[in-house]
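> sequence below, structure please.
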Amino acid sequence: MSVELTPLYENQEELKEPVIATKIIGNIPHWINGTYLRVGPGMFDVGKVKLNHFSDGYSMLSKFDIKNGQVSMHKRFLKSEAYKKALEQKEPFFPEFATKGNIGSQKSFFSRLISAFSSVDVTDNDCLNVFKLGDDVFASTETMHITRVKPQDLETSDRVDYSKVFGVHMATPHALIDSKGDWYNIGSSFSTGAKYQVMKIPNYGSGNYKDGIKKATVLCTIPVSRRGYFTYYHTFGMSENFIIFIEQPWSMSELKLIDSKLKGKSIRDLFEWDASAINRFHIVDKRDGKLYTTKFYSETPFFFFHFANCFEHNETLVVDILTFPDHSIIEEMNVSNICQRRLDESEKSFARIHRFAIPLIKNVKDVTLGENLITLDYLSASAVRTDDKIILKPQPIGESGIESPDINPKKRYHRYQFIYGSGLNSRSFFENSLCKINLETGDTIVWKAKDAFTHIFTGDPKYIPRPGGSNEDDGVIVAACADMRQNEHNFLLFLNAATMEEEARAIFDRPIPQSIHSIYLPATEVN
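Numbers count the residues shown, from 1 in each chain. Have a look, this model is predicted:
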């Protein structure tokens, strides 16, 4: 029997004050003392307009404060300009990822032409991720706008425009911080020719983020491989010493982007899948900002949203990515397709972990044609010189159907053993599940609701390490779950990260918003 999913895409309501869980089943570990902060779409209907795509919904922040075995929840909309203008005119004003805006009807052609190369009239609907910059927390999307939020009460604060700091017009929502405390991200610039910029803000200690922005730099410029075309990218990879950026076959032309700004078109409509293209890996040395000129390409094309982790071992970069065969998942995420269960349940709609191994070769002429350059005994991935390129063939790990990867934060940028993820609601091995995959053996442990897994939909998992824990999986996985059964309620789930057995669930009598990504903040980072 098909489960009705429409309630998942109904407009959320804010809470005036935090609410306490109505019931706790099991025992929440008392060592957890902090805030699980999430962001995702919370409003899909504006006036008579229904937003088209999962990532178009207007951003809602939600948080769970966890202390002494108890949990409270709070939720508020991000008061972005996109949100406020949509409410004001009862339809989207700014174009979203897959929903057309209504800018053109209110501005002259000349005004729109002037703003085509600026941050004006670009959405700030930051619904895709939350990250830290110094002591501050920001919500982000795939444009140049990020918004500072206050985790104490979810109040919307000031906005930062990447274009004024780094000269970029689009950027990943997934900024990363390395072990030194340096902040990195990657953005696209097209006002002076298409290129990608590696952005850096060095560790500036504690204090206001504005102190850090004063030290912001462009570490490196990466030229586009296809003149006038930008790739789509949601994340980038990073190890201790290197940045990994991938161009994939789903791309758009610079001219189409300008045209979209003039006509208020959605971004998704501009992208095209080039079936003849393969993915190119760009490597940047963080220590000197130099770009490797070696051409690294995948053996076959793929689409991806997320890196899981990257690390270095014996002059080799090990890069773990959740890959799809093509971009079909983008259409799968249309709200109408999800609600009406028009889901493609073939392999091309499921992601799988693929481990790439990239030899740190600066001059391709220094290696022998046809020789596999990967010598790590725990990898079956290969890297072989062909003409003036090095072709990368990955090692597949585990089953297909996993997304939203997370790992123990202590193992980020280092060799590690476990990936945690969430299953999609299509019929795959990981359907409606949370999972743990052993990267060394491929063994998988899956949690599914024993009573009604077909009716319980899991959100993105977040790993919380136990203080003082020595094992990589000594911690807890938290995830919000939507129970679609009649007269049942949503809950926050706590799993033992080693066994994936349920330790507790905190049940709420208010709907829990969907999230795309989240962050865990220890209490010392919130107060």
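> which pLDDT value belongs to residue 495?
Looking at residue 495, its pLDDT stands at 98.
> same question for residue 211.
Note on residue 211: pLDDT of 93.
> same check, this time on residue 102
pLDDT, residue 102: 82.
> surely it is in contact with residue 90?
No - assessed by CB atoms under 8 Å, residue 102 is found out of contact with residue 90, at 10.1 Å. C-betas here are computed from N, CA, C, even on glycine.
> quick one: the strands in the stretch 51-200 of the chain, in order.
Taking DSSP state E, counting those that start in this stretch, the strands of the stretch 51-200 of the chain run over residues 58-67, 70-77, 129-133, 136-140, 145-150, 155-161, 170-171, 176-177, 183-189, 195-201.
> what does stretch 391-400 contact?
The contact list for stretch 391-400 (CB atoms under 8 Å, 6 or more residues apart in numbering) reads 281, 296-299, 320-321, 323, 347, 350-358, 379-385, 428-430, 437, 439, 442, 444.
> name the residues of that stretch that are buried.
391, 392, 393, 394, 395, 397, 398, 399, 400 (16 or more other CB atoms under 10 Å).
> leaving out chain neighbours, which residue sits closest to the fourth one?
Across the structure, with CB to CB, 6 or more residues apart in numbering as the measure, the residue nearest residue 394 apart from its sequence neighbours is residue 354 (3.8 Å).
> cool, residue 124 as well?
Leaving out its chain neighbours, the residue that sits closest to residue 124 by CB to CB, 6+ apart is residue 145, at 3.7 Å.
> any idea how far residue 268 is from the residue nearest to residue 43 when sequence neighbours are not counted?
Closest residue to residue 43 apart from its sequence neighbours, by CB to CB, 6+ apart: residue 58 at 4.1 Å. Relative to residue 268, residue 58 is positioned 17 Å away (CB to CB, to the nearest Å).
> least trustworthy helix or strand in the chain by mean pLDDT?
helix 109-114 (a mean of 44; mean pLDDT, DSSP states H and E).
> so residue 102 and residue 90 - more neighbours on which side?
The neighbour count for residue 102 versus residue 90, taken as other CB atoms under 10 Å, is higher for residue 102 (16 against 10).
> now do the contacts for the more buried one.
Residue 102 touches 89, 91, 92, 93, 264, counting by CB under 8 Å, 6+ apart.
> hmm, residue 244 is touching residue 279, no?
No - in this structure, residue 244 is not within contact of residue 279 by CB under 8 Å, at 11.3 Å.
> mind checking which of the strands of the stretch 51-200 of the chain is nearest residue 465?
Minimum separation from residue 465 across the strands of the stretch 51-200 of the chain (CB to CB) falls at strand 58-67, 14.2 Å.
> my read is residue 304 is in a strand, agree?
Yes - counting by DSSP: H, G, I helix; E, B strand; the rest coil, residue 304 falls inside a strand.
> just to revisit the earlier point, let me see the contact set for the residue nearest to residue 43.
41-43, 46, 51, 77-78, 80, 82-83, 86, 125, 127.
> same question, residue 307
235, 236, 237, 244, 319, 320, 321, 322.
> helix, strand or coil: sort out it for me.
With three-state DSSP as the basis, residue 307 sits in strand.
> beta partners of it?
Assessed by DSSP bridges, residue 307 has beta-bridge partners residue 321.
> where does the prediction get shaky in the chain?
Along the chain, segments meeting pLDDT under 70 span 1-2, 103-118, 258-264, 341-348, 425-427, 527.
> let's go with 50 and repeat that
Across the chain, residues meeting the criterion (pLDDT under 50) sit at 1, 108-114.
> quick one, helices of it?
81-89, 109-114, 162-165, 209-213, 254-263, 328-332, 335-339 (DSSP state H).
> between those helices, which gets nearest to residue 371?
With distances scored as CB to CB, the stretch of the helices of the chain nearest to residue 371 is helix 328-332 (35.4 Å).
> show me what counts as buried in the closest one.
Quick answer for helix 328-332 (16+ other CB under 10 Å): 329, 330, 332.
> identify the bridge partners of the residue lying closest to residue 21 once chain neighbours are set aside.
The shortest distance from residue 21 to any non-neighbouring residue, by CB to CB, 6+ apart, is to residue 506 (3.8 Å). Note on residue 506: beta-bridge partners residue 24, residue 492, judged by DSSP bridges.
> distance of residue 506 from residue 495?
13 Å.
> quick one, which of the two is more surrounded?
Set residue 506 next to residue 495 and count neighbours by other CB under 10 Å: residue 506 wins out with 26 against 23.
> pretty sure that one is touching residue 26, no?
No - using CB under 8 Å, residue 506 is not in contact with residue 26; the gap is 9.3 Å.
> what's the overlap in contacts for these two?
With CB under 8 Å, 6+ apart as the test, residue 506 and residue 26 both reach residue 494.
> the strands in the stretch 401-527 of the chain, which residues?
Using DSSP E, counting those that start in this stretch, the strands found in the stretch 401-527 of the chain span residues 402-406, 418-423, 434-438, 444-447, 456-458, 462-465, 475-483, 491-496, 502-507, 517-522.
> can you say which of these is nearest to residue 202?
strand 517-522 (21.3 Å).
> sheet partners, orientation included, of the closest one?
Strand 517-522 has the following sheet partners, assigned by DSSP bridges: strand 34-43 (antiparallel).
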